[in-house]
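**Student:** With the input below, show me the fold.
(chains A, B and C)
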Amino acid sequence: MPAIRQKLLDWYDEAGRDLPWRHTRDPYAVWVSEVMLQQTRVETVIPYYQRFLESFPTPQALAEADEDAVLSCWSGLGYYRRARLLHAGVREVVAQYGGKVPEDADARRALPGVGRYTAGAIGSIAFDKEEPIVDGNVTRVLARLLRIETQVGTSATTKRLWSEAAQLVPGERPGDFNQALMELGAMICTPKRPRCDSCPVTEQCEALARGEVERLPVKRERRPPTEVDLAAVVATRGRGADRQVWLVKGNQPLFGGLWGVPMAEDNARAALTEAGLRARLASAPVGEVEHVLTHRRLRVDVYRASAAQGSESDTRRPFTIEDLEKVGISTLTRKVLAATFRG
DNA sequence: TATGCGTGGCC
DNA sequence: TGGCCAAGCAT
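**Tutor:** Next up, the predicted model:
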């Protein structure tokens, strides 16, 4: 086992990528990077990470920001609940711990949005603690190295993976070792066409010895996405540069906390009614938009409407194009607006 | 334990 | 082209 640890560290020192969050051990910055990287590619995260830390350089700055500003910075990155939980977690750190991310593992783990992985990543990278992590990369690397054939996602396999990771992590530079494990999964031990020729631990790999690398890990089947037909209403008032679009702020699971045009299943009139808007609705859609999420395939008919009047509230108000940059809106909303105004 | 939550890139 | 993801978490 020590051989694996040292070889991975040596390989990481030589071949590891130079990424923005690898230039800091500020636990807050590490936290931000880890949350952004959840289920999201490195290349996608980089510009968001840099903008976010420029806007909110310290826990205090983020804690003081309002949610619209935070989601504006997150807009387009997806999984918006992450941003809201990070915001809540950082506010808790400021309120309870004087703005210092707690070194205590249990206290860290108890923060909103901080699960076992994120807690371990912050602990090992920022605090040099010998805490293991298991993410998708580590799962794949360990499943192959140790030839773990049980299905990923079951409690027994999860327990085994965390146990194996915990046995590997003790020693020097636990944060770098954890990142080396993930980096190997990202660069060499990839899901498809792994680059075993360049792998530093081929001698230790039980799956390679048996020619079973591409078969592992054994994953669960995915359910096909649900098809949903929606109607969206772009209700405007004014013309030209003064034109404003009515948006509503949702607090539902889908796109929670973001502003968007009124939408409802199949029915544009219902979308307006649910939004509490009175407007002249066009009889035919002006366009169609498709948006695919992991578990849903959305097909959206886009309608125009004019709404000269309307009562504004915390969850319903008109936006100029300029205003849109100050709040969080989903990529779906961007598509709907683009389909309406052609850019 | 199973499910829902976004997005963009890849082959 | 479309299926398959990618550094999880909460419920």
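**Student:** I'd assumed A:V248 was in a strand, is it?
**Tutor:** Yes. The assignment for A:V248 is a strand, going by DSSP: H, G, I helix; E, B strand; the rest coil.
**Student:** Contact partners for it?
**Tutor:** A:259-262, A:275, A:315-316 (C-beta atoms under 8 Å, 6 or more residues apart in numbering). Using the backbone N, CA and C atoms, a C-beta is placed for each residue, glycine as well.
**Student:** Reformat the residues you listed into CSV and put distance to DNA strand B, secondary structure and neighbour count next to each item.
**Tutor:** Formatted as CSV, the contacts of A:V248 follow (distance: C-beta to the nearest atom of the strand, whole Å; DSSP: H, G, I helix; E, B strand; the rest coil; neighbours: other C-beta atoms under 10 Å):
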residue, distance to DNA strand B, secondary structure, neighbour count
A:W259, 12, strand, 26
A:G260, 10, strand, 21
A:V261, 13, coil, 24
A:P262, 17, coil, 26
A:A275, 18, helix, 24
A:T315, 17, coil, 13
A:R316, 19, strand, 17
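**Student:** Now those residues in a markdown table, please, with extra columns for pLDDT.
**Tutor:** Formatted as a markdown table, these follow (pLDDT from 0 to 100):
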| residue | pLDDT |
| --- | --- |
| A:W259 | 97 |
| A:G260 | 97 |
| A:V261 | 96 |
| A:P262 | 96 |
| A:A275 | 92 |
| A:T315 | 93 |
| A:R316 | 95 |
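**Student:** Tabulate the residues you listed (CSV), appending distance to DNA strand C.
**Tutor:** Converted to CSV, the contacts of A:V248 look like this (distance: C-beta to the nearest atom of the strand, whole Å):
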residue, distance to DNA strand C
A:W259, 21
A:G260, 20
A:V261, 24
A:P262, 26
A:A275, 25
A:T315, 20
A:R316, 25
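**Student:** Just flag the most distant two among the residues you listed.
**Tutor:** The largest separation in the contacts of A:V248, counting by C-beta to C-beta, is between A:V261 and A:T315 at 13.4 Å.
**Student:** what about A:R342, how many neighbours?
**Tutor:** The number of residues packed near A:R342 is 8, by other C-beta atoms under 10 Å.
**Student:** for the closest residue to DNA strand B within the stretch 101-250 of chain A, phi and psi?
**Tutor:** Across the stretch 101-250 of chain A, no residue is closer to DNA strand B than A:S155, which sits at 2.6 Å (C-beta to the nearest atom of the strand). According to degrees, to the nearest 10, the main-chain angles of A:S155 amount to phi -60, psi -40.
**Student:** can you point me to the longest helix in chain A?
**Tutor:** When chain A is parsed with DSSP state H, its longest helix is helix A:81-97.
**Student:** The next helix or strand after that helix near DNA strand C anywhere?
**Tutor:** Per DSSP states H and E, the first helix or strand lying C-terminal to helix A:81-97 is helix A:105-109. No. Helix A:105-109 lies out of reach of DNA strand C by C-beta under 7 Å from any atom of the strand, never closer than 8.2 Å.
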